[in-house]
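J.: Predicted model and sequence below, questions to follow.
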Amino acid sequence: MKAFEKLEHIQSNNNSILSIGLDTDLMKIPEFLRDDLNGIYSFNCSIIEATSDIVSAYKINFAFYEQYGWRGIEILQKTKNYIPSHIFTIADAKRSDIGNTSRAYAASIFKEMEFDSVTLCPYIGVDTILPFLEFNDKMVFVLALTSNPSSNDFQNLIIDGEPLYLKVIRKMNEISTDENLGFVVGATHPNDIYKVREVAPFNYLLVPGIGAQGGSPEKVLQANKNRNIIINVSRDIIYYDKTENFAELARQRAEYYRDLFNSINFNFIKNNSL
């Protein structure tokens with residue numbers, strides 16, 4: 001099964017467009033798990049066990065693991081392996097480099113670590129993306145318009161009458177198909193999602209920025225018009241509680257987001273079919 005099909009399948013089966021970001025920081029998990037780095041793995045396993053039936057994906061941000069060197073990479077891999085095989089996985093690595101280096105990154109993430117998808121930074125050029133697309137059973141999510149405040153420094157620069165991020169999307173769609181190419185668009189830019197959908201109506205969007213960063217689910221999903229999307233929530237789910245009941249309460253918070261997203265989408269369909 002190709003990654004695109006796997007994602008469609010799990011979203012349908014779990015009735016969920018929610019991704020949980022396992023961006024796990026040792027100093028933010030419950031205190032009783034902070035004795036050593038294995039606490040991160042125990043924390044991740046508890047979150048996965050509590051939520052795997054109500055999500056469509058888990059996104060693992062490599063930086064939170066790479067900061068601990070080889071021990072962190074080991075925990076990252078063990079966490080990925082603990083995720084049930086039918087759940088979509090996102091390597092939030094934001095890789096970007098030329099030729100052979102990109103090819104090595106792609107082999108690491110797709111072949112050795114066996115992730116379903118990866119986030120990539122396109123601003124070096126197309127040749128940084130092509131080695132990942134050679135794995136045509138996987139997916140790539142190209143950074144288009146990110147959720148951080150300084151994204152406007154470059155991504156919204158107007159070139160030949162349109163912002164740079166739209167030119168990136170157009171260029172990427174020239175070299176790939178919607179089935180293995182998606183785009184990262186931050187929830188803090190809901191008005192721009194309308195523009196994205198004009199040039200990329202069928203690609204999956206991976207949308208961070210809901211929760212701690214203040215993005216509006218209503219504005220994002222209205223702009224998306226019930227098209228292919230994954231909405232990621234990290235801190236507002238995994239750190240929702242710091243007691244021994246953290247996993248149970250993380251589940252309740254995940255259910256809240258899943259149901260909220262579904263309700264907004266349902267109302268959009270209902271209102272636009274009248």
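T.: Ah, there it is. Numbering: from 1, shown residues only.
J.: now the helices for the stretch 1-150 of the chain?
T.: Listed in chain order, the helices of the stretch 1-150 of the chain (DSSP state H, counting those that start in this stretch) span 3-13, 38-51, 63-66, 69-82, 99-106, 130-133.
J.: What helices and strands are in contact with the last one?
T.: Just to be clear, that refers to helix 130-133. With contacts defined as 3 or more CB pairs under 8 Å, 6 or more residues apart in numbering; DSSP states H and E, helix 130-133 has these neighbours: helix 99-106. To be clear about C-beta, it is placed using only N, CA and C from the backbone, and glycine gets the same treatment.
J.: Not counting the helix it packs on itself, show me its contacts.
T.: 93, 95-97, 118, 127-132, 134-135 (CB atoms under 8 Å, 6 or more residues apart in numbering).
J.: check contacts around Val168.
T.: Contact partners of Val168, counting by CB under 8 Å, 6+ apart, are 122-123, 142, 144.
J.: Pick out the most distant pair among the contacts of helix 99-106.
T.: Ala93 and Asp127 (17.6 Å; CB to CB).
J.: Those two - which one has more neighbours?
T.: Ala93 (20 against 11; other CB atoms under 10 Å).
J.: How about the contacts made by the more buried one?
T.: Taking CB under 8 Å, 6+ apart as the test, what Ala93 contacts is 62, 105, 109, 118-119.
J.: for the residues you listed, which one is nearest Val184?
T.: Taking those together and measuring to Val184 by CB to CB, the closest member is Thr119, at 6.0 Å.
J.: Verify the contact between that closest one and Leu206 for me.
T.: Yes - counting by CB atoms under 8 Å, Leu206 is a contact partner of Thr119 at 7.3 Å.
J.: Find residues that contact each of these two.
T.: With CB under 8 Å, 6+ apart, Thr119 and Leu206 have common neighbours 90, 141, 184.
J.: out of those residues, who has the most neighbours?
T.: Ranking these using other CB under 10 Å puts Ile90 first, with 27 neighbours.
J.: ok, the residue lying closest to that one once chain neighbours are set aside to Asp160 distance?
T.: Nearest non-adjacent residue to Ile90, counting by CB to CB, 6 or more residues apart in numbering: Lys59, 4.0 Å away. Going from Lys59 to Asp160 by CB to CB, to the nearest Å gives 33 Å.
J.: who's more crowded, those two?
T.: Per other CB under 10 Å, whichever of Lys59 and Asp160 has more neighbours is Lys59, with 24 against 6.
J.: The more buried one touches Asn232, doesn't it?
T.: Yes - if you go by CB under 8 Å, Lys59 and Asn232 touch, sitting 5.3 Å apart.
J.: the strands in this protein, which residues?
T.: Taking DSSP state E, the strands of the chain run over residues 18-21, 57-61, 88-95, 117-120, 139-145, 158-159, 162-163, 181-185, 204-207, 229-233.
J.: which one of those strands has the lowest average pLDDT?
T.: Ranked on mean pLDDT, the bottom entry among these is strand 158-159, at a mean of 90.
J.: Could you list the paired strands of that strand along with their orientation?
T.: strand 162-163 (antiparallel) (DSSP bridges).
J.: returning to that earlier point: going by distance to Arg227, which of the contacts of Val168 wins?
T.: Closest approach to Arg227 among those (CB to CB): Ala144, at 14.8 Å.
J.: Now the closest one: closest residue in space, sequence neighbours ignored.
T.: Nearest to Ala144 is Phe183, by CB to CB, 6+ apart, at 4.2 Å.
J.: Poorly predicted segments of this structure, please.
T.: Under the criterion pLDDT under 70, the flagged ranges of the chain are 270, 273-274.
J.: wait, what's in contact with Phe261?
T.: 16-18, 217, 221, 231.
J.: And for Ser56?
T.: Remark: with contacts taken as CB under 8 Å, 6+ apart, Ser56 is in contact with 7, 10-11, 14, 16-19, 87-88, 230.
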